[in-house]
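1. Would you be able to build a 3D model of this:
(2 chains)
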Amino acid sequence: MINAHKILFDTVQQALAQVYNISNPVITFQKTRKEFEGDLTLVTFPFIKETKKSPEQLGQELGEYLVKNNTNVSAFNVVKGFLNISLTNQFWLGYFNAVKDSVTIGYKKENSSGKTIMLEYSSPNTNKPLHLGHVRNNLLGFSVAQILKANGHKVIKANIINDRGIHICKSMLAWQKFGNGETPASSGLKGDFFVGKYYVLFDKENKKQIEELIAVGKTKEEAEKKSLLMLEAQDMLRKWEAGDKEVVDLWKTMNGWVYEGFAVTYKTLGVDFDKMYYESNTYLLGKEIIEEGLKKNVFYKKENGSVAIDLSGEGLDEKIVLRSDGTSVYITQDIGTAIERFKEFPQLSQLIYTVGNEQDYHFKVLFKILEKLGYAWAKECYHLSYGMVELPEGKMKSREGTVVDADELIDEMLATATATTKELGKVDDFNEEEFKELNKTIGLGALKYFILKVDPKKKMLFDPKESIDFNGHTGPFIQYTHARIRSVLRKAAFDFERGEAKVEMSAIEKELVKFIYDFEGVVAESGTAFNPALVANYIYEVTKLYNRFYHECPILKEEDENIKIFRLQLSKLCAQAIANAMNLLGIVVPEKM
RNA sequence: GGUCCCGUAGCUCAGCUGGAUAGAGCACAGGUUUUCUAAACCUGCGGUCCUUGGUUCGAUUCCAAGCGGGAUCACCA
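-> As a prediction, the model looks like this:
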């Protein structure tokens, strides 16, 4: 791999050592800002103390040294303390020729790092359909998995389904009481929406009962605990845990409906999993670990019989890990499943949890406990925390009906895409299936890009009234650019791929080559930061630049054969980079749109 | 109250480990098509980078305090 930074680094280091006697300097290059002449810039301020030179003088001397001693350096200029270095056309052309036919541009070789990473994401409850918050989770998880793979890691995508607990019993109970044998098939409802309907119904009926109890003089707290429906739901949970056949059968049936619904949404979103976990299988895990931890004095028994850990020394609080009746809490099974996974996959080098930032504290506690239990891999556990998706009126709340359903949102995106495609009328030769497929590609591209271009850590705002844009800094813009390049390449109709480019690149062409050169670094960075937004924003810059190039420079109409071939090759490389970058975001790019 | 996260243009967001005159998109005003796809391109408008101190040759970036917003601190999951 041709590496400009490395080439310059060595010469600068040599210069500093030989001429100024500075050993082990910290040398970092940055991209030269576009208003200045040059490719890479060295800031000379850090060296002025030791060299006792003015920034300008040092820059001048270093520049001269570079030109003299490094054949790849063609020129330099100094502005204040900034040494702007230009590399030769030959160098950039050499890089271009080396990568121009690479279909894996930006990616490292598969499984080349030797690292196996388990990445858990999605992890839904089986009592309601997926909403926009889940969409962010799913897209983020899938994209980070893609990025980690592109960094040469082996990734196991895991999904742990929260298929048991009081919330499931609520839907079950409501269906039993008010369902009259209705099914998704008989009602025409998608399975997850069907079950979600009963979850809401439970809440509604339960509220009525609570109000009645309050009217009879109970306090709000009492009423919430003692409503008949709530008691029945709890009873149902006990029966489930005891393996009561009737309850378990109902549970299987209703979860089955939900899974059918989820499968559709997952397929539409284009996300998938290598490994499914179910909490109904894992919820008892962890108890024996607590016993062991008690013996090792990591935990202690409280007077009432519950077991806890004191993390006040770590700036955290006391945390209960086992109830006084001996049953486990949420974190108990998390401790158990983590240990289980490292047993199941001994080659695992990292375990990543894609979970919203409302659980930051939970994961801090979890990892700390695992560390205290003596698991060396505890420090390789990572909480991929992301911000909430908020609506203009604030947080989404299922009970208040202020959620944006994933399926409905996707449908809306497809409708917008379809309307625009029809209006523009560029693909009238498509058959119905191709037409549908294209609009799905574009609609989902818009949605995915909209979500992934934002730094995962930050909360993001979604305004349903202002629908997601298809122009500007968007997925469709990037998809469009790709389609346009492919169109030009199709029209070229001669073998432009053969042979190496031999041209004097124009400023904008060189700029494009330089951008492509950055791709690999961006992928690496987004991998270590678990941040798809870096890829998203990078490829947007490339795309924008390409569009300017497209407008400024004729390609097929270019008369100089060498330049024409180079521009075609460059276009092809840009299209490949766009496709590869978008693939990291889970976004498909069309050949035509 | 403790802890954590956030605060950049009217709106939505970039700004990597401190570096040059803080950038995009949307919106708004205007322009570009007999020429490779106008879902594009170009021009203009738009800023107390929340405030105040500190460190530094240099701070939107690091530190401290304050203000504002959010999350969390369950024998819920």
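
2. out of everything not next to it in sequence, what's closest to residue A:97?
-> With Cβ to Cβ, 6 or more residues apart in numbering as the criterion, residue A:97 has its nearest non-adjacent residue at 4.5 Å, and that residue is residue A:500. For the C-beta atoms, the positions are set from N, CA and C on the backbone; glycine is no exception.

3. okay, now the one you found: neighbour count?
-> Around residue A:500 sit 13 other residues, with neighbours defined as other Cβ atoms under 10 Å.

4. now it, what's its secondary structure?
-> Recorded secondary structure, residue A:500: coil (DSSP: H, G, I helix; E, B strand; the rest coil).

5. Repeat that for the one 5 residues further on.
-> The assignment at residue A:505 comes out as coil when based on three-state DSSP.

6. Residue A:513 is in contact with that one, correct?
-> Yes - contact status for residue A:505 versus residue A:513: in contact at 6.9 Å, counting by Cβ atoms under 8 Å.

7. hey, what's in contact with both of the two?
-> Taking Cβ atoms under 8 Å, 6 or more residues apart in numbering as the contact rule, the neighbours common to residue A:505 and residue A:513 are A:92-93.

8. thinking again about what came up before, need the phi and psi values for the residue nearest to residue A:97.
-> Backbone torsions for residue A:500, taken as degrees, to the nearest 10, come to phi -90, psi 150.

9. What count of nearby residues applies to the residue in chain A positioned nearest to RNA strand B?
-> For chain A, the residue positioned closest to RNA strand B under Cβ to the nearest atom of the strand is residue A:472, at a distance of 2.1 Å. Here the count is done by other Cβ under 10 Å, and residue A:472 has 9 residues near it.

10. can you check the one 4 residues further on too?
-> Applying the criterion other Cβ under 10 Å, we find 26 residues in the vicinity of residue A:476.

11. mind listing what's buried in whichever helix or strand it is part of?
-> The secondary structure element spanning residue A:476 is helix A:475-492 (assigned by DSSP states H and E). Buried positions in helix A:475-492, judged by neighbour count with 16 or more other Cβ atoms under 10 Å: A:475-486, A:488-489, A:492.

12. same check, this time on stretch A:162-175
-> Buried, per 16+ other Cβ under 10 Å, within stretch A:162-175: A:162-165, A:167-175.

13. returning to what we had before: what is the helix holding residue A:476 packed up against?
-> Based on contacts counted as 3 or more Cβ pairs under 8 Å, 6 or more residues apart in numbering; DSSP states H and E, the elements that helix A:475-492 packs against are helix A:432-452, helix A:532-552, helix A:561-584.

14. where are the low-confidence patches of chain A?
-> Scanning chain A with the threshold set as pLDDT under 70 gives A:1, A:398-400.

15. Specify the residue ranges that define each domain of it.
-> When chain A is parsed into structural domains using automatic domain parsing, the resulting residue ranges are A:4-87, A:165-270, A:406-584.

16. State whether residue A:20 and residue A:49 are indeed in contact, as I suppose.
-> No - no contact is recorded between residue A:20 and residue A:49 when judged using Cβ under 8 Å, the distance being 11.0 Å.

17. between those two, which one's more packed in?
-> Here residue A:20 and residue A:49 are compared on neighbour count by other Cβ under 10 Å; more neighbours surround residue A:20, at 17 against 8.

18. Contact partners for that one?
-> By Cβ under 8 Å, 6+ apart, residue A:20 lies in contact with A:47, A:50-51.

19. make it 6 Å
-> Counting by Cβ atoms under 6 Å, 6 or more residues apart in numbering, residue A:20 touches residue A:51.

20. same thing with the one 10 residues further on?
-> Contacts of residue A:30 were listed using Cβ under 6 Å, 6+ apart, and they are residue A:41.

21. and it, what element?
-> Using DSSP H and E, residue A:30 falls within strand A:29-31.

22. just checking, next helix/strand downstream of that strand?
-> Of the helices and strands lying after strand A:29-31 in sequence (DSSP H and E), the nearest is strand A:40-43.

23. partners of that following strand in the sheet?
-> Each strand that pairs with strand A:40-43, with its direction, by DSSP bridges: strand A:29-31 (antiparallel), strand A:82-87 (antiparallel).

24. which one of those has the most crowded surroundings?
-> Comparing the strands paired with strand A:40-43 by mean neighbour count (mean count of other Cβ atoms under 10 Å), strand A:82-87 comes out on top with a mean of 23.

25. Is that one positioned near RNA strand B?
-> Yes - Strand A:82-87 comes into contact with RNA strand B (Cβ under 7 Å from any atom of the strand), by way of A:82, A:84.

26. Next: stretch A:230-242.
-> No - for a cut-off given as Cβ under 7 Å from any atom of the strand, stretch A:230-242 has no contacts with RNA strand B; the smallest distance is 9.5 Å.

27. List, one by one, the residues from the stretch 201-350 of chain A near RNA strand B.
-> Residues of the stretch 201-350 of chain A found near RNA strand B, taking Cβ under 7 Å from any atom of the strand as the criterion, are A:279, A:302, A:304-306, A:315, A:317, A:320, A:323-325, A:329-330.

28. Between those residues, which sits nearest residue A:586?
-> Set against residue A:586, the nearest of these by Cβ to Cβ is residue A:279 (26.0 Å).

29. and the residue nearest the centre of chain A, what helix or strand is that in?
-> If you average the C-alpha coordinates of chain A and look for the closest C-alpha using Cα atoms, centre = their mean, you land on residue A:140, 2.5 Å from that point. In the assignment (DSSP H and E), residue A:140 maps to helix A:132-150.

30. Which strands and helices lie in contact with that helix?
-> If contacts are counted by 3 or more Cβ pairs under 6 Å, 6 or more residues apart in numbering; DSSP states H and E, helix A:132-150 sits against strand A:154-161, strand A:389-391, helix A:432-452, helix A:507-528, helix A:561-584.
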